[in-house]
Every structure is written in C-alpha cells, then in structure tokens.
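Undergrad: pasting the structure only:
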C-alpha cells in the first residue's frame, strides 16, 4: 500500500430529478461528499439502501455523472469520461455475464475489445480461471453455473484487464451465508495477491468489518464517518454509525444524566456492559446503573439480557456463556441487578438528545 | 362433489395434462397437420387436361410441371420480394424498436405501442385498398411529386422496366411498399421484445470492459436481439411468400406464388398443381429456418 490517492471525491453531489403524479421534484442521492481512497486499499462504502453508496460507485465507474464536484482517478479528473475510457472495472450485483458467450469468452471480453492477440488472451484467461479457482470451466455457458461460480467469473472478467481500481457492487448479496463467508475471505485474499484497490459497496456491516482496510459509512447521501473497522466499531462519532454498525445502546436525556451527570447523547456496546455479582465492586473509572432483568434470550455462544433501569430507560447487555448454562441464565429473569461498565466505553456522541 | 372431482384430478396430474391438451391437440392434428397432409397427397395427383378431372393416382408429373422455367421464375420473384421486404422491415423496425426499448419514457412507449398496433385493428383489405389511392396515378404521391417539381423523376423511375409500370399502383415498387407497410408491426414487436429483455447491466458491463457504444452494439446488443429479428423475419418472410391480395391489386401480369395458387385452384380447378405450388413456400421456409439456425438465431432461446 503506497501513499498515493487512488480515488478522490471533491465535494461531489448527484441530484436526480423525479416525476411523480405530474409533480416534478428532485432527490439528492449524493450530498456534498468528499473522500480519499488510498492506492491498494480495500475500501468499503457501507450504508442502508438509498444512502447514496451505489450512486458513488456508479460515478467512479462512469455509469453516472456528478451534478456537482469532481472525481479524480490517480489525480486525473474523470468526471466527464465515459466508462470505456476509465481504467476501472466493475463486478456487478447481478454479475451481468453475457449470456450468449461462454465463460472463457466472457472473461476474455475486455482483452478482445483491446485486440489482444488470441494466444496471449487464452493464456491470461487460464491464469484468471486459476486465480478464481474455476479451471476447466471456459467452455461452459453462464446459465450452467451456480451463483457462486458466476460470481467468480464476473470477478475474473474484471480483473483480467488489470484495472487501477476494482469496483464491487454488493457482489455477495445473492449468495447464501456459508458461501458468502467463504467468498469474503477469498476476495480479501485475491485483493492482497493482485494488489489492486478494491472499492466494495455493501449494506452488510459484518461483511464490511470482515474485509475492509477502511470503511465509509453512508446515510442519506452523506458520509457519516470514515475509519478502520476498529475505529468505526469502537469509536462511532454519530448516533447513526453507533446504531448501524453493530448494536449499540443509545443513552440520552434524563437517563444519561442519572448515569453520567450530563444530559448529552452517549452510546455503549452491549458486550461492554457487565452484570454485577456480589464480588464485583464499581471502581472510580466505571459507570453503573441498577435495574430489573426483563428478558433473557439464550443464543448458545452468548446470552442477551434486556434490563429495565430503575427510573426509566432500557439497556441491552450481552455476555458470553463461558461458565454459565442455559439453566443458570434463565434464573436471572425478573431479578434486580446492578450493571457496570468502563467509562471509556461510554462514547460521547454530542449534545443532541 | 366439486371437491371430490378436484381431489381425483389432483392425484392424477397426467390426466389433467391430457384434458388440457386434448382440444389444442385435436385442432392441431386435424386442422393443421391434416390439411397439410391432404395438400401433400393432392400434389402427387394430376389433372387430366382432356377431361378436366383430377386423377387420383400417384404421379410426379405435377411436380415436373411445377419445375418449368416460368414457374421457377415465380418462385424466384416471390422469394426475392420476401427477402427485400424482410430486409427493409428490419432496417425500419430496428431503430424504432431500439428507441422504444431503451430510451422512450413510459408514456411515449405506450403511445408508440398503440401507433404500431393500431393499423392491425382495421381490416387488412381496407388498408391495402387505401394504398391504392396513395399510389395511384392521380394519388397522393404523384401529387406530392408534382408539388416538389420532381414528377419528372417519378416518371423516369416508373419507366424502369424492372421496377416500374404505368403508375406506382401497378408496379413491383408498389407491391414492395405495401408489403413493407402491412408487415412492419410484425417486425417491430418481436425486436422490441428482444431488446427489452437485454438487461441494462449487460450494456454497462460491456462499456465498463472498454467497449465503445459501437462495439457494445455489435458484441452484445445485436447478438441478443438477433432472435427477435429472426422471429420478426419469419413473419414478414412467410406472410409475403403466401400473400395473393397485394400482388393481385398492385401487380401487373407477372405472377407471385399466392396469386398462382389462387389462379390454378380457383380458375382452372387444377388442385394438384396448386397444392404442389403451396409446397414451394413450405420448402423455402424450412430452408430459411435452417439457415437461421446455422447463424445461431436460436442459441439464445
């Protein structure tokens, strides 16, 4: 990974005009986004549907153009260039394999367009098929492949062109959980091997955390936060990020004042909160709260407790079942209990309620 | 009662299939295949020129008569006409279909659908006759040519021995124009349907992989729209091949297949020769479909 900037968004906006019931209106799909993606990075655009992440990706690919602002690819403004003049390739959500071509022809398409000689073409197709672990599939038609195999063909078809940046638009969305987890590891492995910048769009926070070097969290056309997976998870800067990435308890107003003495908004992860036993003492670097266990959900690896605080408010607490059994955890239901957690895990999100 | 019947049928899927297929099967076997077989059989009989009676006896002499130069010329002329009409229909239909499938707003698309199919709601004969008025010596086209002071050009064109005639209404060009007009919707609709089914992401993927719009058109859009073009051309080709009304109304004395069949069967009662004539378009169509298959028209089906 070098210090070079691969892709840069300079105050980019994209406004779509919509017509509904004879009323013209407009939607700001991307709203003044500025962003730098480093060379060789595995970068994820994470957000719910309609948050502008896919529009950003399409603008890098050239399928869409910014209404305002500039997009730079290795320092060069590409905002007005058509897709076929940009050194980027895309893996599409629906794979977009050409149904009338064989797997080999699909993978060779980019080279065929560039008029690369056939022997060279075949050699590189074979290399690519090895890389994505599909040797011997060249003669098949896309319709004869499974979802996971099509996924690999789409990846090979994009990578064979040695693009400067590879764009992936929710490529794992259609796969089942097991295959998806396997492909996550494999994608990361391939990215490290080819050393190309990957920009990955997903709405799945776990997927983003698993694979990315850095993540940009999108909401309503704006970037909420950019950071490494650990930064995003441990130090969310907005209540949206705290709620979207992982599970958070948001505490504000009266409840916050009772616990911390301040009426601001805070977030705390359920796994950072502990259920106190008789031996536990609340130290000075800790916050604590008393309440009643309203619900206990046993989930095998861990148990989730819903605690109703005395004087109002709820907290979700997660504890691993290291020593407890399902019988033990159930006994705690409807008991009064004390909760405590380290002050540093209580993230300050601002004065808004 | 209904319930018991439902259960009875539910447990016997093959019986349901049989009941469902029985009416179309009977129709198909009797009306289509049956008629074709009777025609085929008839083409192996012959007409006794002396008595004017059909002799029900196996013979190849009707086919021998079919293959005389005058008749071969009829086949050639008709096939050539069908091909030209088909090609002209493709040239006109493709851009319109492309616009309808890719660019038109929903409202524009509805309007164009209506515009394309509307002529099919009125009688074929009425529409053909209206073209008689358009193409006649004192018709709209002549009038318009005079208005633009190019009537000399029209006269010169009509003096051409191959394509011309006394007026556009009695010329090969007239037949061609009316055929293209009449069969165009049958070309537009299948091409439009095929283009509509090409996902937008395929076109984006092609551009993404470095293909400019012309290359994308040649490598992705055209191959995927090809089955639609073939489907449309089957309509225009076979319909032109068999039609007898247009050549009768707009043609001169030179025969087309349909007109020949009508004359032999209707006027001179030579049913065996008429039947043999009809085998012509069938053979031409089969050849056409084989060529289309060779070109890969059905690969994407």
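TA: Perfect, I can see it now. Because the structure is predicted, anything quoted here is derived from the model rather than measured.

Undergrad: which residues of the chain score low on pLDDT?
TA: Picked chain A for this. Applying pLDDT under 70 to chain A flags the ranges A:1-2, A:20-23, A:352-353.

Undergrad: actually, chain B is the one I wanted.
TA: Short version for chain B, where the test is pLDDT under 70: B:297, B:299-301.

Undergrad: what parts of it come near chain A?
TA: For chain B, the residues in contact with chain A (C-beta under 8 Å from any C-beta of the partner chain) are B:199, B:201-202, B:204-212, B:215, B:219-220, B:223-224, B:299-300. The C-beta positions use only the backbone N, C-alpha and C, and glycine is treated the same way.

Undergrad: drop anything exposed from these.
TA: Buried members of the residues of chain B next to chain A, counted by 16 or more other C-beta atoms under 10 Å in any protein chain shown: B:201-202, B:204-211, B:215, B:219-220, B:223-224, B:300.

Undergrad: neighbouring contacts of stretch A:78-87?
TA: Applying C-beta atoms under 8 Å, 6 or more residues apart in numbering or on different chains, the contact partners of stretch A:78-87 are A:59, A:61-63, A:65-66, A:69-73, A:163-165, B:204, B:207-212.

Undergrad: so how far is it from its chain's centroid?
TA: Offset of stretch A:78-87 from its chain centre (C-alpha atoms, centre = their mean, to the nearest Å): 26 Å.

Undergrad: then stretch A:227-242?
TA: 12 Å.

Undergrad: that stretch: end-to-end distance?
TA: From its first residue to its last, stretch A:227-242 covers 13 Å (C-alpha to C-alpha, to the nearest Å).

Undergrad: show me the contact partners of it.
TA: For stretch A:227-242, the surrounding residues in contact (C-beta under 8 Å, 6+ apart) are A:208-209, A:212-215, A:217, A:219, A:224-225, A:245-246, A:248, A:250, A:265, A:267, A:269, A:347, A:349-350, A:352.

Undergrad: so which bits of it are buried?
TA: For stretch A:227-242, by 16+ other C-beta under 10 Å, it's A:227, A:229, A:232, A:233, A:236, A:237, A:238, A:239, A:240, A:241, A:242.

Undergrad: buried stuff in the helix or strand harbouring residue B:73?
TA: Using DSSP states H and E, residue B:73 sits within helix B:69-102. Residues of helix B:69-102 classed as buried: B:71, B:74-75, B:77-79, B:81-83, B:85-86, B:88-90, B:93-94, B:96-98, B:100-101 (neighbour count, 16+ other C-beta under 10 Å).

Undergrad: one more: stretch B:283-299?
TA: B:284, B:285, B:288, B:289, B:292, B:297.

Undergrad: please tell me how far the residue found closest to the first one once you drop the neighbours it is linked to in the chain sits from residue A:55.
TA: For residue B:284, ignoring the flanking residues on the chain, the nearest one in space by C-beta to C-beta, 6 or more residues apart in numbering or on different chains is residue B:79 at 5.8 Å. Counting by C-beta to C-beta, to the nearest Å, the gap from residue B:79 to residue A:55 is 54 Å.

Undergrad: and the residue of the stretch 51-200 of chain B that's closest to chain A?
TA: With C-beta to the nearest C-beta, the shortest gap between the stretch 51-200 of chain B and chain A falls at residue B:199, namely 6.8 Å.

Undergrad: what's the first helix or strand after the strand or helix carrying residue B:185?
TA: Element membership of residue B:185 [criterion: DSSP H and E] is helix B:172-196. Going down the chain from helix B:172-196, the next helix or strand is helix B:200-208, by DSSP H and E.

Undergrad: I'd like the next helix or strand past that next one.
TA: helix B:213-216.

Undergrad: and that next one, how far out from the chain middle?
TA: 30 Å.

Undergrad: and the angle for whichever helix or strand comes after that helix with helix B:200-208?
TA: Next helix or strand after helix B:213-216 toward the C-terminus (DSSP H and E): helix B:222-242. Relative orientation of helix B:222-242 versus helix B:200-208 (axes from the mean of the first three to the mean of the last three C-alpha atoms, to 10 degrees): 120 degrees.

Undergrad: close to chain B, is stretch A:42-58?
TA: No. Figure legend: stretch A:42-58 not in contact with chain B (C-beta under 8 Å from any C-beta); closest approach 8.5 Å.

Undergrad: so what touches that stretch?
TA: By C-beta under 8 Å, 6+ apart, stretch A:42-58 touches A:9, A:12, A:14, A:29-31, A:33, A:35, A:37, A:64, A:90, A:167, A:169-170, A:188, A:191, A:197-203, A:205, A:207-208, A:211-222, A:244-245.

Undergrad: PyMOL command for the buried members of those?
TA: Those of these that count as buried under 16+ other C-beta under 10 Å are selected in PyMOL with:
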select buried, chain A and resi 9+12+14+29+30+31+33+35+37+64+90+167+169+170+188+191+197+198+199+200+201+202+203+205+207+208+211+212+213+214+215+216+217+218+219+221+222+244+245
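
Undergrad: tell me which of the contacts of stretch A:42-58 fall in helices.
TA: Residues of the contacts of stretch A:42-58 located in helices (DSSP state H): A:188, A:191, A:205, A:207, A:208, A:211, A:244.

Undergrad: what's the domain layout of chain A?
TA: A:5-244, A:266-350 (automatic domain parsing).

Undergrad: most packed of those domains?
TA: Highest mean neighbour count among the domains of chain A (mean count of other C-beta atoms under 10 Å in any protein chain shown): domain A:5-244, with a mean of 19.

Undergrad: residue contacts, residue A:285?
TA: The contact partners of residue A:285, by C-beta under 8 Å, 6+ apart, come to A:342, A:343, A:344.

Undergrad: need these in TSV with distance to residue B:136 and secondary structure, can you?
TA: Shown next, in TSV, are the contacts of residue A:285 (distance: C-beta to C-beta, whole Å; DSSP: H, G, I helix; E, B strand; the rest coil):
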residue	distance to residue B:136	secondary structure
A:342	98	strand
A:343	98	helix
A:344	95	helix
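
Undergrad: which single one of those is nearest to chain B?
TA: Set against chain B, the nearest of the contacts of residue A:285 by C-beta to the nearest C-beta is residue A:344 (45.9 Å).

Undergrad: could you find the closest non-adjacent residue to residue B:258?
TA: Closest to residue B:258 by C-beta to C-beta, 6+ apart is residue B:244, at 3.1 Å.

Undergrad: that neighbour is in contact with residue B:264, isn't it?
TA: No. Applying C-beta atoms under 8 Å as the test, residue B:244 and residue B:264 come out as separate, 11.5 Å apart.

Undergrad: residue A:25: what secondary structure?
TA: Look at residue A:25: counting by DSSP: H, G, I helix; E, B strand; the rest coil, its state is strand.

Undergrad: re earlier: dump the domains of chain A into TSV; add distance to residue B:163 as well.
TA: Below are the domains of chain A laid out as TSV (distance: least, C-beta to C-beta, whole Å):
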stretch	distance to residue B:163
domain A:5-244	39
domain A:266-350	83
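
Undergrad: now for those domains, which one comes closest to residue B:127?
TA: With C-beta to C-beta as the criterion, residue B:127 lies closest to domain A:5-244 of the domains of chain A, at 36.2 Å.

Undergrad: start to end distance for the closest one?
TA: 28 Å.

Undergrad: likewise stretch A:195-205?
TA: One end of stretch A:195-205 sits 24 Å from the other (C-alpha to C-alpha).

Undergrad: what do you get for stretch B:112-130?
TA: One end of stretch B:112-130 to the other measures 22 Å (C-alpha to C-alpha).

Undergrad: not counting its own residues, what contacts it?
TA: Counting by C-beta under 8 Å, 6+ apart, B:96, B:99-100, B:104, B:178, B:181-182, B:184-185, B:188-189, B:245-246, B:249 sit against stretch B:112-130.

Undergrad: kindly report the same for stretch B:36-43.
TA: Counting by C-beta under 8 Å, 6+ apart, B:54, B:62, B:63, B:271, B:272, B:275, B:276, B:278, B:279, B:282 sit against stretch B:36-43.
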